[in-house]
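# Just the structure for this:
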Amino acid sequence: MNSSAETGHLLAPSDSLLKTRAVFVAPDGSDAHDGSLSLPLKSIQAAADVAAARGVRTVVLRHGTHYLSQPIELGSRHSGLTFTNLPGESPVVSGGVELKGLVWKAFNTSDKPGGPNIWVADVGTQVADVPGLQVDGARATRARYPNLPGGIEVSPGYGSMIPSRAAEWTPPDFAKFGNVQFYTDNISEHNRPNGGWFEHYMIGTRGLCSVYDPPVSYWCSQHPSGGGAFAFRTPSGVVPKPGVLPHAPYKDATDAIFFVWRPARWANWMFEMSSYDPKTGNFSFGKGGNQGARGENKGGDFFVENVFEELDAPGEFFFDKKSKRLFLWYNKTGSPASASVVVPQLRTLVNISGTQWQPVSAITHRGIAFRSARYTYMDPHGVPSAGDWALDRVGAVFMQGTEGCIFDGCTFERLDGNGVMVSGYNRNATITNSDFAYVGGNAIAAWGYTNETATDPGRPGVALSGYPQAGVDGTDGEHPRHTLVSGCSAREVGLYEKQSSFFVQAKTAQSTITGNVFFNGPRAGINANDGFGGGDEISHNLVFSTCRESGDHGPFNSWDRQPFLTTVRDGIPSMTMAWRSIHHNFFVDNYSPQEDVDNDDGSAYYHTHDNFLVYGGQGMKNDFGGHDNHHYGNVYAYVGRGLGVCSQLPGHQDFFYGNKIVMVGSDVGGLQCSGDAKTIVHDNAYYTATGNVSECRMPLAAWQAQGEDTGSVVSKWPSDDTIIDWAKEKLGF
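You can find the predicted model right below:
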């Protein structure tokens, strides 16, 4: 062990005091030891249990990789514990199995430049499956077609896919699961008047939504509405056209998985095979199709994975379950004999679970790296509310029934599912100064409960009452509140599930997302899947390079199609959420430029102010019943137009004022120009190439002569230096 680290002061001014106030655990320790600095334990679970039993407050993880055979289970008896590193040491908690003693044999190798370098080894009984592979710390890519030139950890953008038109899609089987059971909440006190848009809580259970667990979704309700709205369904199979799969027919496609974008690239589905006919090329889908909330009759762009014949590119691997042989195209010269080979196995590394009546409180993790959790995209998914998302209620770190639990200065890297799942009752869950990179799903997800069905897999053994009527009721406390994400970085998320973000919340309220740097994701950077409760603050974040593989959205996206009863707004049960605030952010919509702040279907009660928002089709958006959206004090750089909003009820108009808008177009935008709910627009500075701008189908001066858009001015484009100076002033640089 590192002698210099042993003499450092972690918790107290002397080594002797440190020894009496901490339990130590090391990869080379033993659970027969006493847990002292010189005789550390081996198991983190054992160290946690010993510390709780002794009344010791700190567990120190020594340097090295702590491989787990089971998740670390922390309950209320562990409350108050801190898990930390020693200064200068970097402990890693891994959900993988490091394969030992592999004897690699040449399978298909060549000394010619660019020739194959495929090796094979028998893994024996070390693992039963190889859902993922990490070679010398980086992911290998499971054999697939089309290939990924940069491997799974490099975004292909819109490439490396087979186009939808290159296949015939088997229609959905609407009779597969029987009829849907509809429920619409028509209790008058729960009505949310909004001109016919999203006024009632409504769901459908079973039917084609039986692919979810629980089997419920807004998108199986009787009359779903919004952008591109119709009832959920997915195709039943696919027949690629001749020649599309150049290595087909396949000898064995039993374990093949098809990854299929929903058309328009709103989410991607994954399907296992129920059957494959090599003569006709017909693949019939089995389990899957539950990874997104929105359906379609056919699939979009797609690829096939986990077929031996597709092992044809550097960095790819294939595991033959029957023979227990692992094939690897080693992406270096010669044999992988000296390489470290780790197989992710555990879905969850740390499970902190209690209840709101017996919570786990004040557990802190600090200075620890979490790695090598296995993928969860084929696990049960649910539709958390009426946004476009489906989620798997699992993460490398899982928190439920907690109060004041903290992850500070931690690293979440190469986790094939979600990084952190904040599930159900949580108060003041805190993730600070931590880094997320190369994550298969979301970096952080927060997802509460309401009682929509008799049971829910997230609360095993709990018989739920009042369903489905209680689905609207968010007053029972079973949801995250006051979650804080601050000072974190996240990049390369959504490597597998493309409807993934750096932070997503559903049935969650009063989150604070501040001072973070988020970039390189396939979909929106931050997502609010509903208007549950509100009271959230999103501030001082840098978000860019989002939507790299998908259509629409940008750094932030929201929906509010499904009303909920909460007490967040003023302590009284209400269907109206508290205002959300989005301020002092630097957002760049540089990939799929729609808006930096995309307030989609029904979004309401937003104060978006004092941000620097770069690119996008328009600065402000509201559609399909959205209202009470206030944009003020923002700087918009090179947007198509200022705003585009829908009609609203009197007293719920949108506001757009005090902004600087540098437009590539010459029209202020699509605002409500007449009626009792005109958009309130005033005191803006518009900048165009010509120095002229129109508004409500007339020149700005003519519109102002009617008493509208008072105080606004128009000028020619400023210099880039001037725009940057505005941004510096706005953001306090």
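# Quick check: buried residues in the strand ranked longest in the chain?
In the chain, with assignment by DSSP state E, the single longest strand is strand 268-277. If you call a residue buried by 16 or more other Cβ atoms under 10 Å, then strand 268-277 has these buried ones: Asn268, Trp269, Met270, Phe271, Glu272, Met273, Tyr276. Quick note: C-beta positions are derived from backbone N, CA and C, even for glycine.
# again, but for stretch 642-652
Residues Gly642, Leu643, Gly644, Val645, Cys646, Ser647, Gln648, His652 are the ones in stretch 642-652 that count as buried (16+ other Cβ under 10 Å).
# Packing partners of the longest strand of the chain?
Taking 3 or more Cβ pairs under 8 Å, 6 or more residues apart in numbering; DSSP states H and E as contact, the helices and strands that strand 268-277 lies on are strand 257-261, strand 282-288.
# Strand partners (parallel or antiparallel) of the first one?
Sheet pairing here is set by DSSP bridges, and for strand 257-261 it gives strand 268-277 (antiparallel), strand 302-305 (antiparallel).
# mind putting the buried residues of strand 268-277 in CSV, distance to Ser110 included?
Listed next are these as CSV, based on distance: Cβ to Cβ, whole Å:
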residue, distance to Ser110
Asn268, 35
Trp269, 37
Met270, 34
Phe271, 35
Glu272, 34
Met273, 32
Tyr276, 31
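# Which of those residues lies at the shortest distance from Arg233?
Nearest to Arg233 out of those is Trp269 (Cβ to Cβ; 11.2 Å).
# so what's the closest one bridging to?
Val260.
# mind checking the end-to-end distance for stretch 459-476?
15 Å (Cα to Cα, to the nearest Å).
# what does it contact?
For stretch 459-476, the external contacting residues (Cβ atoms under 8 Å, 6 or more residues apart in numbering) are 183, 185, 190, 201, 203, 205, 216, 424, 448-456, 507, 532-533, 563-567, 573.
# make it 6 Å
Residues outside stretch 459-476 that contact it (Cβ atoms under 6 Å, 6 or more residues apart in numbering): 183, 185, 190, 201, 203, 450-454, 532, 564-567, 573.
# Farthest pair within those?
Of all the pairs that these form, the one spanning the most space (Cβ to Cβ) is Ala454 and Thr567, at 25.4 Å.
# Those two - which one has more neighbours?
The neighbour comparison of Ala454 against Thr567 (other Cβ atoms under 10 Å) goes to Thr567, with 15 against 12.
# who's in contact with that one?
Counting by Cβ under 6 Å, 6+ apart, Thr567 has contacts Thr475, Pro573.
# What distance do you get for it to Glu189?
14 Å (Cβ to Cβ, to the nearest Å).
# Might you report the residue contacts of the residue nearest to the spatial centre of the chain?
The residue lying closest to the centre of the chain (Cα atoms, centre = their mean) is Asn442, at 2.7 Å. Neighbour list for Asn442: Asn418, Ser500, Ser501, Val504 [criterion: Cβ under 6 Å, 6+ apart].
# Looking at those, which is nearest Asn684?
Distance to Asn684 across the contacts of Asn442 (Cβ to Cβ) is lowest for Ser501, with 30.4 Å.
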